[in-house]
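Novice: sequence and predicted structure below; questions after.
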Amino acid sequence: MSGPETASTGAGPVARFITVSLARELGILLALSVLFPFMVHILPVPDDAQLGPRLLPIFYAPLLATLWGRLETAAAVALLAPVGNWALTGHPAGGGIVIMTVQLVAFVAALRGLLASAGAHCLLAVPAYVAGLAASALLAALAPGLIGGQPALAWAVHSAVIGLPGIAILILIGWLALRHYPPGAAAA
């Protein structure tokens, strides 16, 4: 049912904000949005190595949510993943939550736009990631304290270079998702 329903008392229409299907989809993808970074953060690495910025695990669930899910699900995952990860792992810390939220929301919005205009392709994760990084760099330029006062452009370039393995993983996840479970496959 896409339209509002009538209340049993006859008082007027009642909007359905969430369905069981949407709640199940959102629950699974939010759990994955916390699970992927958690798994990366528990890997033993030297103290100076940060796998999160290298492997970009916080992007995996929003990527899947965007490729497979509804816009509402993808937006909710992008908005809630940084806070959920901070609550579980302590990462991202401080202003990183704001930067990461902006980056994920822009990533999802760009990916949705690219999917609508260009169709489904695993390489769309790359320009979507760049769009997210550009949005977060713009925010960082306006509020440099969010990135420790460093120059926004240098921070963005450094983030992109450090994140190259993660971008490759996003392409792989996109390819696997589109190959084995293309959008609309559940309806078929």
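Specialist: Noted; the coordinates are in hand.

Novice: nearest residue to residue 67 in space, please, no chain neighbours.
Specialist: Among residues not flanking residue 67 along the chain, residue 177 sits closest, at 5.1 Å (Cβ to Cβ, 6 or more residues apart in numbering). To be clear about C-beta, it is placed using only N, CA and C from the backbone, and glycine gets the same treatment.

Novice: so how far is whatever helix or strand that neighbour lives in off the chain centroid?
Specialist: Secondary structure from DSSP states H and E places residue 177 in helix 164-180. With Cα atoms, centre = their mean, to the nearest Å as the basis, helix 164-180 stands 14 Å off its chain's centre.

Novice: again with stretch 68-81
Specialist: 7 Å.

Novice: what lies in contact with that stretch?
Specialist: Contacting residues not belonging to stretch 68-81 are listed as 22, 25-26, 29-30, 33-34, 58, 61-62, 65-66, 100-101, 104-105, 107-108, 112, 177, 181, 183 [Cβ atoms under 8 Å, 6 or more residues apart in numbering].

Novice: list the buried residues in that stretch.
Specialist: For stretch 68-81, the neighbour count (16 or more other Cβ atoms under 10 Å) marks 68-69, 73-78, 80-81 as buried.

Novice: convert it to CSV, retaining C-alpha atoms only.
Specialist: Extracted in CSV, the C-alpha atoms of stretch 68-81 (Å, rounded to 0.1, in the frame of the first residue of the first chain):
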residue,chain,number,x,y,z
TRP,A,68,19.8,-2.8,-3.1
GLY,A,69,17.6,-0.8,-0.9
ARG,A,70,15.2,2.1,-0.8
LEU,A,71,16.3,5.7,-0.6
GLU,A,72,15.0,5.9,3.0
THR,A,73,17.1,2.9,4.0
ALA,A,74,20.3,4.3,2.4
ALA,A,75,19.8,7.7,3.9
ALA,A,76,19.2,6.2,7.4
VAL,A,77,22.3,4.0,7.2
ALA,A,78,24.4,7.0,6.0
LEU,A,79,23.1,9.2,8.9
LEU,A,80,23.3,6.6,11.6
ALA,A,81,26.4,4.6,10.8
